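# Take this sequence and fold it.
(chains A and B)
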Amino acid sequence: MKLSCDEATKICDKNQYGEASLWDKIRLSFHLFLCEKCGMYSKQNTVLTKCYNKQKDEEGRKEHCLSEADKKHLEKEVKARI
Amino acid sequence: MSSTNIHVLNPSKWVALHADYLYNYTISRINNQDLAKDIVQDTFVAALKAKENFQGKASERTWLISILKRKIIDHYRKINSAKGKAEVKMNFYTDGDREGEWIEERVPSSWDNEIEKDINNTELKEALEKCIGALPEKYEMVFRMKTIQQFETEEICKELEITSSNLWVIIHRARTQLRKCMEESWFKN
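Below you'll find the model as predicted:
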């Protein structure tokens, strides 16, 4: 039942992605109830997840293209070896 | 004799047909343009060398992606074995009586400014990017794939040939490090 702070914050991180098991969540709640440091970590983790989600919306799955110059360079490298 | 399902390779059209796709695939895993370009080029070069092995069962693009995937694993292995600078700072004691407890200087301190109203701030975005960029490469790569690109845990494990417990240790260390970095650069006034 008892978790170290290292383990508790690890579960807390996993939980940010909705992937912590029920048993882990129970153990985490118990730890957070007793441990102020991890309580702070947990609270801040939620804030950080919001920041990361914002970043995800802007950066994630963005389309990236090569420039014409890059393609010409690649073309040259490939043709030299055909 | 001829089957319609047999695919053929046409290297002279590779760049026009597949370069952007391969580049995009790479950049969503390795967030570094120069490195991604090099990896795409390496993939084409390796594919040319191996073209005799192409059996025509998969499409040209699928075959190129399978080669690219090997290049990405090779890259991950390289950054994974670059010991020393590849490690994040310790956040918890790893042995002795206090094993698993917070190391004093890593303990979270309370944040004064209210984050919610700042979430659209471009400075926040910059601070965040800077902190993510300051992570050791391996942690940055896995963190970005999981958090920013939103790959499934299983997919990341398969692609990088790591276990899920391995992945969560990396995510945990990355997030603990990021918390500290954001505290110093953003939340502390």
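# got the buried residues for the helix or strand of chain A with the lowest mean pLDDT?
None of the helices or strands of chain A scores lower by mean pLDDT, DSSP states H and E than helix A:36-59, at a mean of 92. For helix A:36-59, the neighbour count (16 or more other Cβ atoms under 10 Å in any protein chain shown) marks A:37-42, A:44-45, A:47-49, A:51-56, A:59 as buried. Backbone N, C-alpha and C define where each C-beta goes, glycine included.
# try stretch A:25-34
Within stretch A:25-34, the residues that count as buried by 16+ other Cβ under 10 Å are A:27-28, A:31-32.
# still on that earlier bit, check which residues of the very next helix or strand once past the least confident helix or strand of chain A are buried.
Moving toward the C-terminus from helix A:36-59, the first helix or strand encountered (DSSP states H and E) is helix A:68-79. Residues A:70-71, A:74-75, A:78 are the ones in helix A:68-79 that count as buried (16+ other Cβ under 10 Å).
# contact partners of helix A:68-79?
A:66, B:11-12, B:14-16, B:19, B:37, B:40-41, B:44-45, B:48 (Cβ atoms under 8 Å, 6 or more residues apart in numbering or on different chains).
# contacting residues for residue 32?
No chain in the question, so chain A it is. Taking Cβ under 8 Å, 6+ apart as the test, what A:Leu32 contacts is A:8, A:12, A:38-39, A:42.
# Is it in a helix, a strand, or coil?
Using DSSP: H, G, I helix; E, B strand; the rest coil, the structure places A:Leu32 in helix.
# quick one: it and A:Tyr52, what's the gap?
As defined by Cβ to Cβ, to the nearest Å, A:Leu32 lies at a distance of 21 Å from A:Tyr52.
# What of B:Lys89?
20 Å.
# A:Asn45 too?
A:Asn45 is 10 Å from A:Tyr52, by Cβ to Cβ.
# filter the buried residues of helix A:36-59 down to the ones close to chain B.
A:37, A:40-41, A:44-45, A:47-48, A:51-52, A:54-56, A:59 (Cβ under 8 Å from any Cβ of the partner chain).
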